[in-house]
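S.K.: just the structure for this:
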Amino acid sequence: MAAATFMAVRRSKRPLLAALAAAALLVGVRPAPRAVAASPGPVPRPASTGTPGNSADAWVPDSFVVLCFHDVRDELRERPDPYTIEVRQLAREFAWLRSAGFQVVSLDRIIAARNAHEPLPARAVVLSFDDGLESVYTRAFPLLKAFNYPAIVGLVGAWLEEPAAGAAPVHYPDDKLTREDFLRPDQIREMQRSGLIEFASHSYAMHEGIVANPQGNLEPPAVSRAFDVAAGRYESDAAYAARLREDLDKSGAGIARLTGMRPRIIIWPYGAHNHTADGIASELGMPYGLTLELGVNTPDVAWSGLRRALIPHDVTIADLSRLLERPPRPEPMRVVQIDLDYVYDPDPAQQEKNLSRLLDRVKALGINTVFLQAYADPQGTGTAAALYFPNRRLPVRADLFNRVSWQLRTRTGAAVYAWLPLLAFDPPDDDPANGHRVTAMPAAQPAGRVRRLSPFDPDVRALIRDIYADLSAHAPLQGLLFSDDATLNDFEDATPSALAQYRQWDLPGDIAAIRADPALAARWAERKIGYLTDFSLELAALVRADHDDMRTARNLFAGVLEDPTSRQWFGQSYDNALASYDYVVLMAMPWLEDKGRRPDRWLEGLIARAAVRPTGLSKTVFELQAVDWAQRNRPVPGATLAAEMNLLRHGGALNFGYYPDDFRAGMPAVEAVRSALSLNSFPGSD
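M.R.: Residues are numbered from 1 along each chain as shown. So this is what the prediction gives:
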């Protein structure tokens, strides 16, 4: 089974697990050609997702892989399920692990290696079984004893309790099972006495989705704020943390009653966790967390987020060999930047139709990433006066980002990056940050610039921190895209707080004096570049509190790469951005830069300049323009876009896409750009 088949497995009768595991399992995997045509592309991740080299022998010392199994049956026709494996297949996989030189180890061996007590073998594997099904005892346990393989078994507390008379069957999650389908106390104790099995919490009752937005989407309970439909509000941060604590504590206490000890491992339902959940689990004695993120666990991977590969029913020995011998490689990014303003409609029925069109279009394009607008800007000013998620500082045009992001992720497989300004916010009149805008030295303010707030102002920074923190709490996302408003030109910022900051940098508190000395002007520009970058990374850290594996990207003007001296005009640096973010989204827009007469030569020049940097091509996303704004918003023909994409690809560019996409009008035409844009057409070699 090729890597892409892992994604196809997700389209199962267990929709929430299927959808979430799709995101976690396929992160960073480059699909093989034979299966990719039937599946949308997986989520791109930076090179750190994998490990150096192309064999297990090249793994970093003391690294290991965790394999995740579920149900084990004599024959799959007993209860067909993509996560069920036949016992004879499991036996073949165990035998192959031994013959291929892999060593199955316990968590204790992993801990000893991390503490420098005992090095791990070069091919270390940890086995885990989720959900506490009885088949782990009746079918897997005899094999584990025969091979003398240790394993971790996750227990869901609610599924282990004796049901009350007349109680409904267990929901697993869509199967209707009975208590008899799960491990019994005597079986758990026997497995524990063997010394081979360590029992982990798989939560008490978080293996079912909760309503997480006004539209009723069911999302992972460990990372989502529950939405009370009757009251029309979300649970507070305190209530969210209390709910997690109650569940995990109840799970740990139940396992202690069965085994005599509380668990030290949490297997996160759906692989979903965040810093809050990690902290609560650790406080309750469970610092070791297992996820569903595919990859090798190198020594730098946090205990709270250990990676696991979910093994489906049709995996072959050849597939398993590829998985273990060739760690996943990051996949090229194919991206479309989407205006959520085009989805919004005051009529809920029309809004749902708009969303359906968007989902169909993303699937048809075969892309793996969407940059999704999280703020409202229907007039195209570039400044956010309202947002599409609940927050404490700006008006909410509609609580829509959560719904659209979730649907994109689970229905199309695309990674969703929340696209937000860094500085271009327009707070209400009564907000402390209102009017605290970037200003230029006298008579130097360029006309038509996007209105931005001064990043040097404490009230502004507090406002923007609150906005990003609220995005984090209320939005499922895989990344952040900082918009192109993150600039300070060579006349800005002249606010009192900015001038005070310059003095702290040992510069004159007067822009004219700084500009009069080329050395001071250059140092001033570098300090501003670093200041904007540091502020954006501070915001990214806030969002990572709820999205541990989130990626970062930043829009840059092409001129910053084309002419290094322009860093002073923009307050942007290509090399600084390469070093600071997972991706640099270069606005490779010929007509915006007045290069429309020979766009091919201009694009080739951008590729060449990026290529001389060691990570230039792997971390740069070349974003083309689908509209010529200078010509009354004339659409760029799809054939032109496709030709530019082919030029980028042939020139060595790995990541590219376009903005804007008008899915309502079908522009650009899918038929014109799909073959050049879709990873289904050019998946790369396996």
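S.K.: from now on I want contacts and neighbour counts done on CA atoms only, so please keep to that.
M.R.: Will do.
S.K.: leaving out the residues flanking it, which one is nearest to the spatially most central residue of the chain?
M.R.: For the chain, the residue sitting closest to the mean C-alpha position, by C-alpha atoms, centre = their mean, is Gln478 at 2.3 Å. Setting aside the residues directly before and after it, Gln478 is nearest to Met550 in space (C-alpha to C-alpha, 6 or more residues apart in numbering), at 4.9 Å.
S.K.: what's the spacing between Gln504 and Gly289?
M.R.: Plainly put, Gln504 is 43 Å away from Gly289 if you go by C-alpha to C-alpha, to the nearest Å.
S.K.: mind checking which of these two has more residues around it?
M.R.: Gly289 (25 against 11; other C-alpha atoms under 10 Å).
S.K.: thinking again about what came up before, correct me, but the residue nearest to the centre of the chain touches Arg551?
M.R.: Yes: Gln478 is in contact with Arg551 according to C-alpha atoms under 8 Å; the separation is 6.3 Å.
S.K.: Val336 touches Phe371, doesn't it?
M.R.: Yes: the criterion here is C-alpha under 8 Å, and Val336 meets it with Phe371 at 6.3 Å.
S.K.: so where's this protein uncertain?
M.R.: By pLDDT under 70, the low-scoring segments of the chain are 1-58, 77-80, 164-168, 173-174, 326-328, 443-448, 681-686.
S.K.: go through it and flag its longest helix.
M.R.: Counting residues, the longest helix found in the chain (DSSP state H) is helix 518-544.
S.K.: quick one: residues contacting the residue nearest to the centre of the chain.
M.R.: The neighbourhood of Gln478, defined by C-alpha atoms under 8 Å, 6 or more residues apart in numbering, consists of Ala415, Val416, Tyr417, Ala418, His547, Asp549, Met550, Arg551.
S.K.: for the third one, which non-adjacent residue is spatially closest?
M.R.: Nearest non-adjacent residue to Tyr417, counting by C-alpha to C-alpha, 6+ apart: Gly479, 4.1 Å away.
S.K.: try the last one
M.R.: Leaving out its chain neighbours, the residue that sits closest to Arg551 by C-alpha to C-alpha, 6+ apart is Gly479, at 4.3 Å.
S.K.: and the helix or strand containing Leu248, what does it pack against?
M.R.: With the criterion set as DSSP states H and E, the secondary-structure element containing Leu248 is helix 237-259. Contacts defined by 3 or more C-alpha pairs under 8 Å, 6 or more residues apart in numbering; DSSP states H and E place helix 237-259 against helix 157-160, helix 185-193, strand 197-201, helix 275-283.
S.K.: can you tell me which of the ones you listed comes nearest to Ala498?
M.R.: Across the helices and strands packed on helix 237-259, Ala498 has its closest neighbour in helix 275-283 (33.4 Å, C-alpha to C-alpha).
S.K.: and the helix or strand hosting Ile607, which residues are buried?
M.R.: Assignment of secondary structure by DSSP H and E places Ile607 within helix 599-611. Buried residues in helix 599-611, counting neighbours by 16 or more other C-alpha atoms under 10 Å, are found at Pro599, Trp602, Leu603, Glu604, Leu606, Ile607, Ala608, Ala610, Ala611.
S.K.: one more: stretch 557-566?
M.R.: Along stretch 557-566, the positions that meet the burial threshold by neighbour count (16+ other C-alpha under 10 Å) are Phe557, Ala558, Gly559, Val560, Leu561, Ser566.
S.K.: again with stretch 537-556
M.R.: When neighbours are counted by 16+ other C-alpha under 10 Å, the buried residues of stretch 537-556 are found to be 539-556.
S.K.: what residues does it touch?
M.R.: Stretch 537-556 has contacts (C-alpha under 8 Å, 6+ apart) with 45, 223, 273-276, 465, 468-469, 471-473, 477-484, 572, 574, 577, 581-587.
S.K.: show only the entries of these found in helices.
M.R.: Counted as lying in helices by DSSP H, out of the contacts of stretch 537-556, are His275, Thr276, Arg465, Tyr468, Ala469, Leu471, Ser472, Ala473, Tyr574, Ala577.
S.K.: fine by me, thanks again.
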